[in-house]
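Trainee: predicted model and sequence below, questions to follow.
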Number of protein chains: 2
Amino acid sequence: MTPVSYADYPPELSPQEEQYLLSNLKDWSIAHGLAVRPAPSFVRPSQDPSGVLASTAPVTLFPSLFPRSCFEQGLSIQKAYNELYAAIARDEAWLKSIVEELVGVDDFVAKLWQTHLEVKKDGYVQDLSLGLFRSDYMVHQDPSPTHLSSGLKQVEFNTIASSFGGLSAQVSALHKFLLTIDAYPKSTSSIIKEAALEVSKSASSLAKGLAAAHKAYGTSRTGHPMCVLFVVQDPERNVFDQRHLEYALLENGVRSFRLPFGETLSHTQLDADRTLIYTPPNSSSTPYEITTIYFRAGYSPDDYPKGEDWTARLQLEKSRAIKCPSILTHLAGCKKVQQVLATPHSPHLKRFLPDDQVASRVLETFAPIYPLDDSEAGREARKLATNASSATKYVLKPQREGGGNNVYRKAIPPFLQKLPETHWPAYILMEMIEPPPLQNAILRNGEIQKGGVICELGVYGVCLWRDGGGDENRGKILENWEAGYLLRTKGDQSEEGGVAAGFGAVDSCCLVG
Amino acid sequence: MTPVSYADYPPELSPQEEQYLLSNLKDWSIAHGLAVRPAPSFVRPSQDPSGVLASTAPVTLFPSLFPRSCFEQGLSIQKAYNELYAAIARDEAWLKSIVEELVGVDDFVAKLWQTHLEVKKDGYVQDLSLGLFRSDYMVHQDPSPTHLSSGLKQVEFNTIASSFGGLSAQVSALHKFLLTIDAYPKSTSSIIKEAALEVSKSASSLAKGLAAAHKAYGTSRTGHPMCVLFVVQDPERNVFDQRHLEYALLENGVRSFRLPFGETLSHTQLDADRTLIYTPPNSSSTPYEITTIYFRAGYSPDDYPKGEDWTARLQLEKSRAIKCPSILTHLAGCKKVQQVLATPHSPHLKRFLPDDQVASRVLETFAPIYPLDDSEAGREARKLATNASSATKYVLKPQREGGGNNVYRKAIPPFLQKLPETHWPAYILMEMIEPPPLQNAILRNGEIQKGGVICELGVYGVCLWRDGGGDENRGKILENWEAGYLLRTKGDQSEEGGVAAGFGAVDSCCLVG
């Protein structure tokens, strides 16, 4: 037996080894809800009109190699990131300056801001905010020949609908199970070992965050029973990811309901003091008082096809329920915010993180990001982005959450050529992070894809803070913790093209070094 | 709100109530592995060649009403049944007399017996036997107008491959979950309540039985690592039921492997002292010593299409591994054994259960069963079975385990007419158990079927005993416990025809009275 080196990882499997690994993986995943509803291209809706079929979620066969120092860096910095984004979300004046640069070119940001202003007119009645954040990173290997170093660089920071916390906990348990039953060849035993496999506690830890907000809401004002409201898309293929949080929340003794965002106005109402009442369609005689709204929808313009969808968002924002997230917190997730913080020599970071040591640790994780406006930095960036040669080092991103909207490398100049220059400021230009070359195999819709992969580490954070209140309470952070991790892995040929837009497979970390 | 009475149970659901219940049921079941691989009629194998799709297992929407006294009777009597069948399995001479009546008419029984004799030639080298039993009952409501009584009557006793222990634990948890989230209308709150819902501990309890045998096997004779072998059918749609036992076994620190019965000779071998060695195809350099063989295949003639399948069974039986079950224990499950015990005025029960009180409690659960041979009882039974009027009170059963082979009521006379009389003794004639009329709704392959149902209570039992050994050890029972329950529910129009042969849905008990 020749031990496998990192360069040969993961090992080639014999047909018998692959069969053993796959049959165990496929059964374990369904037995433990590491599942998705099948894509319509896989199972036509007419074949399963009532929706009883499910499929193994796209997963990697092996845990991907990940530098231990980078992993620990990401986890240890999460509380600082929580603090940073809570501070940004509280700083309406500062956010206003950011948003003002976008309202002319980004309708969605404009509508969100308008909705916030509408609520502000009468004043907010809830001063607690909850963030279930996820900070996404890649390992960056500096390709310059003079100094070869690697570190974690932030891809983006999610302030709304951070997903996969439910499935991530399961996939790390899956890889541990496969190790336990010797599904990984002995030749890898010096790499894939108990001490190297990191279990993610994301499902239970995020649920605890929701439970903390639910509790902080206080007693019922209406006498109705209280609950958390999951505002969701419909249909939702990734429903089990969300359900695992619901079940973990119920273990904390907290009831929750799922409400399709488009049905908000049919089933919720504000009473005179803006308490949010949810009337379950199955039991109209038992209304609930909503303590916390957990948005797993509403983050994309596609979620607002009707005018009344904005009325719905307004109603939720107006309410006394704790929002996860509030509109200001949602807006804090704009790429423009990330860019303003990460543009070299930016003065903004220390505004929110006065502690220099903390700020510098956060700063280390920024990749350079430039505006495409007509500031000095913006004019410089426009040159880089329109030049066919220099553009290959960059990615162009809109403000939007969720994959599928980015423009990569040499596609940037022709894309900008077709876009009126007045719309360029809606985008930010980010230096590509150059991850180390890795290999893995992905099971997706029953097919195995093998080859080079790119891994993205997401670190979850829970933060509950007070926006307003008396002076002594203002800005007070009530809860702040790191809440587990996600490893997402996609084919390196994809750049949101080859494997699937924005999403390859859920994975877990096999720590090295 | 008008409370629902037992007669109106389960309640009619409004479309909104049904939607809420079903969406929660469908998601919870997949998230917790209450699942099956889809039937080929539902998903063509060519559509999912690698087998990643799964479906909610057929389940009832409501827990079925079940008399508390009957439930407790079934559970409390299980240890006596374990003792009874362990005693029968140890009494080769008595079993021989039973089998001799069958060998001429039942090839399968003949082959099993022959295999046992073959092993006996050189002597058995393992004197421990494990039974993971399931005793199946229905509630019998005596229809005679003079005395209306109800009690539990045994349908059959399974000594091999007793299934659904994995899913049963999950379905009872599902119904409890649905109660917790108010998926059952308030009108049922006096019936479906926490104290009435019985959670089944079958998965963990059966796994503990396998772990107990594994431990009792002792230390490795070969120096190889030790494991339990699950001998299975291939393909197996009900794989998650079995996997839940495997995972629970692993939690007990015991490794196990799945081996398709048809591949036994390719991957197992006996060494010189008949230790059974399993060589995992994925890792041929790491052979395992088998401590315990758990048969989830081999109970039906269909499992033996090739001559070498009998060689395989012989090899397993010959081995030093503890069999669950041994061939004698397998044969103890013949319907003929049940008939001989349950024929009115039978002297046999007290042979195996010398304690009169214990024997009489077991006797209470017998429905009258008659032979169809030319004994006096047999000749009487032949009259009942061939008469169109009296036949309507009976069911005709072959020796076989598993549903789909029974002949009911008025179908009996024409069936016997076509069968040569010499083959009649292969069948037993059993008085139909007349269960109380019940209603429920079943979700199966995405369709809901509502109407009258018949419920069958299965009580699991674990028993580990010593067949031989020194005089002081002979017949010693090492472990004996009741191991949870199963409720299986099918449409009352089916009698193994309407809903699906031998199987409707998994269910749980809502105890009443």
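Mentor: Done, it's in. Because the structure is a prediction, the values reported are computed rather than measured.
Trainee: center of chain A, which residue is that?
Mentor: Centroid check for chain A by C-alpha atoms, centre = their mean gives A:Ser162 as the closest residue, at 3.3 Å.
Trainee: leaving out the residues flanking it, which one is nearest to it?
Mentor: What sits nearest to A:Ser162 in space, not counting adjacent residues and going by C-beta to C-beta, 6 or more residues apart in numbering or on different chains, is A:Arg134, at 3.5 Å. Placement of C-beta: from N, CA and C, glycine included.
Trainee: so which helix or strand takes in the one you found?
Mentor: strand A:128-141 (DSSP states H and E).
Trainee: output that strand as PDB, nothing but the C-alphas.
Mentor: Once non-C-alpha atoms are left out, strand A:128-141 reads as follows in PDB (Å, rounded to 0.1, in the frame of the first residue of the first chain):
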ATOM      1  CA  LEU A 128     -33.800  44.000  18.200                       C
ATOM      2  CA  SER A 129     -32.300  42.600  15.100                       C
ATOM      3  CA  LEU A 130     -31.100  39.100  14.300                       C
ATOM      4  CA  GLY A 131     -28.500  38.100  11.900                       C
ATOM      5  CA  LEU A 132     -27.900  34.500  10.800                       C
ATOM      6  CA  PHE A 133     -24.800  35.400   8.700                       C
ATOM      7  CA  ARG A 134     -22.500  33.400   6.500                       C
ATOM      8  CA  SER A 135     -19.100  34.700   5.500                       C
ATOM      9  CA  ASP A 136     -17.800  33.000   2.400                       C
ATOM     10  CA  TYR A 137     -14.100  32.500   1.700                       C
ATOM     11  CA  MET A 138     -11.700  30.900  -0.600                       C
ATOM     12  CA  VAL A 139      -8.100  29.900   0.100                       C
ATOM     13  CA  HIS A 140      -5.900  32.300  -1.900                       C
ATOM     14  CA  GLN A 141      -2.500  31.100  -3.100                       C
END
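Trainee: ok, now how distant is the residue nearest to the centre of chain A from A:His330?
Mentor: 12 Å (C-beta to C-beta, to the nearest Å).
Trainee: quick check: residues of the stretch 301-450 of chain A near chain B?
Mentor: Proximity of the stretch 301-450 of chain A to chain B (C-beta under 8 Å from any C-beta of the partner chain) is limited to residues A:443, A:445-447.
Trainee: any weak-confidence spans in chain A?
Mentor: For chain A, the stretches with pLDDT under 70 are A:1, A:143-149, A:401-403, A:469-475, A:494-503.
Trainee: for the strand holding A:Arg134, buried residues please.
Mentor: By neighbour count on 16 or more other C-beta atoms under 10 Å in any protein chain shown, the buried set for strand A:128-141 is A:128-140.
Trainee: could you do stretch A:88-96 as well?
Mentor: A:88-91, A:94-95.
Trainee: restrict those to those near chain B?
Mentor: Cross-checking these against chain B (C-beta under 8 Å from any C-beta) gives no overlapping residues.
Trainee: which one of the residues you listed is nearest to chain B?
Mentor: A:Ala89 (31.9 Å; C-beta to the nearest C-beta).
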